[in-house]
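compute the structure for the input listed below.
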Amino acid sequence: MNQNYSNHAKFVPPFHFFVLPVLLLNVGWSVYHIVKTPSADTIIQTAVAVAILMAALFGRIFALSVQDRVIRLEMRLRMANVLPVDMRTRISEFTPEQLIALRFASDEELPALSKKVLDEKISKRKPIKLLVKNWQGDYLRA
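Have a look, this model is predicted:
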């Protein structure tokens, strides 16, 4: 399937629709038991349930943070090869948010779009992604 703005968000069904709901249900069940029959055991069970949920969420956040760092490096290298000489001196002006959004632009449109993003101070991912005309899919995401 070709990727575009409307379908580029990545959902991992086993994670998003099984693991997270089960972990949330586990936390809810543990809280129910701590309210119904408070004891050291139910307190520990609730703490463990919350810790497991947090581990799953932080694992996802950590993976996405590493992915963003790699995208930032990849885009700086790509821009050094694609942008005209006068724009290459401005690569350091891009924020991580801008670089992450610009990764979807084709090499042909990247120079003009990069200039527009900096000149108009467009800083949010969504407006930048919406400006991309020739979407370059990113299929290797965390």
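
which strand residues bridge the nearest residue to residue 113 once chain neighbours are set aside?
Spatially, and ignoring its direct neighbours in sequence, residue 113 is nearest to residue 105 (5.0 Å; Cβ to Cβ, 6 or more residues apart in numbering). For glycine as for every other residue, the C-beta is placed from the backbone atoms N, C-alpha and C. Note on residue 105: beta-bridge partners by DSSP bridges are residue 135.

hang on, residue 105 packs against residue 130?
No. Counting by Cβ atoms under 8 Å, residue 105 does not reach residue 130; the two are 11.5 Å apart.

which residues in this structure form helices?
In the chain, the helices defined using DSSP state H lie at 13-14, 20-36, 40-82, 85-88, 96-102, 110-119, 125-131.

quick check: buried residues in the last one?
This means helix 125-131. The neighbour-count check on helix 125-131 (16 or more other Cβ atoms under 10 Å) flags 125, 128, 129, 131 as buried.

which strands and helices lie in contact with that helix?
Applying 3 or more Cβ pairs under 8 Å, 6 or more residues apart in numbering; DSSP states H and E, one finds that helix 125-131 makes contact with helix 96-102, helix 110-119.

okay, now the domains of the chain?
Domains of the chain are assigned by automatic domain parsing as 12-72, 83-137.

now distance to residue 2 and mean pLDDT too, for those, in TSV please.
Output for these, formatted as TSV (distance: least, Cβ to Cβ, whole Å; pLDDT from 0 to 100):
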stretch	distance to residue 2	mean pLDDT
domain 12-72	20	96
domain 83-137	7	96
